[in-house]
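In: Everything below, folded, please.
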Amino acid sequence: MFIHLTTHSAFSLQEGLPLPSDLAQAAQAEGMPALGLTDHRLLSGTVEFVTACKRAGLQPILGLEIDLEAGPLSSWR
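Out: Sure, this is the predicted structure:
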């Protein structure tokens, strides 16, 4: 089973194009039980993402990608 854990939505400015609802629909169509969202530097799309995942019957996995001097850092909850 494959689950995307590091996706970027349109809320990751200039890094992702799909809306959280588009990501959830695509994951549901592929038969994934869960989907992760790790937008870059902000959590603005979190509510929309969780709502879209629940409507699609998916387990939302929330994360955040931030930049450190040593490079990017991702964390999940």
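In: Need the contact partners of stretch 56-72.
Out: For stretch 56-72, contacts defined as C-beta atoms under 8 Å, 6 or more residues apart in numbering pick out 3, 5-6, 8, 12, 24-25, 27-28, 32-43, 46, 49-50, 53-54, 73-77. All C-beta spots, glycine's among them, are computed from the backbone N, C-alpha and C.
In: from the middle of its chain, how far away would that stretch be?
Out: Relative to its parent chain, stretch 56-72 has a centroid offset of 7 Å by C-alpha atoms, centre = their mean, to the nearest Å.
In: Stretch 44-60 too?
Out: Distance, stretch centre to chain centre, for stretch 44-60: 9 Å (C-alpha atoms, centre = their mean).
In: can I get the CA coordinates of that stretch in PDB?
Out: What follows is stretch 44-60, C-alpha atoms only, in PDB (Å, rounded to 0.1, in the frame of the first residue of the first chain):
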ATOM      1  CA  SER A  44      -3.500  27.700   6.000                       C
ATOM      2  CA  GLY A  45      -5.000  24.700   4.100                       C
ATOM      3  CA  THR A  46      -5.300  22.400   7.200                       C
ATOM      4  CA  VAL A  47      -9.000  22.900   7.800                       C
ATOM      5  CA  GLU A  48      -9.900  22.500   4.100                       C
ATOM      6  CA  PHE A  49      -7.600  19.400   3.900                       C
ATOM      7  CA  VAL A  50      -9.100  17.600   6.900                       C
ATOM      8  CA  THR A  51     -12.600  18.400   5.800                       C
ATOM      9  CA  ALA A  52     -11.900  17.100   2.300                       C
ATOM     10  CA  CYS A  53     -10.200  13.900   3.600                       C
ATOM     11  CA  LYS A  54     -13.100  13.100   5.900                       C
ATOM     12  CA  ARG A  55     -15.600  13.600   3.100                       C
ATOM     13  CA  ALA A  56     -13.500  11.200   0.900                       C
ATOM     14  CA  GLY A  57     -13.200   8.600   3.700                       C
ATOM     15  CA  LEU A  58      -9.400   9.200   4.200                       C
ATOM     16  CA  GLN A  59      -7.300   9.600   7.300                       C
ATOM     17  CA  PRO A  60      -5.700  13.000   7.100                       C
END
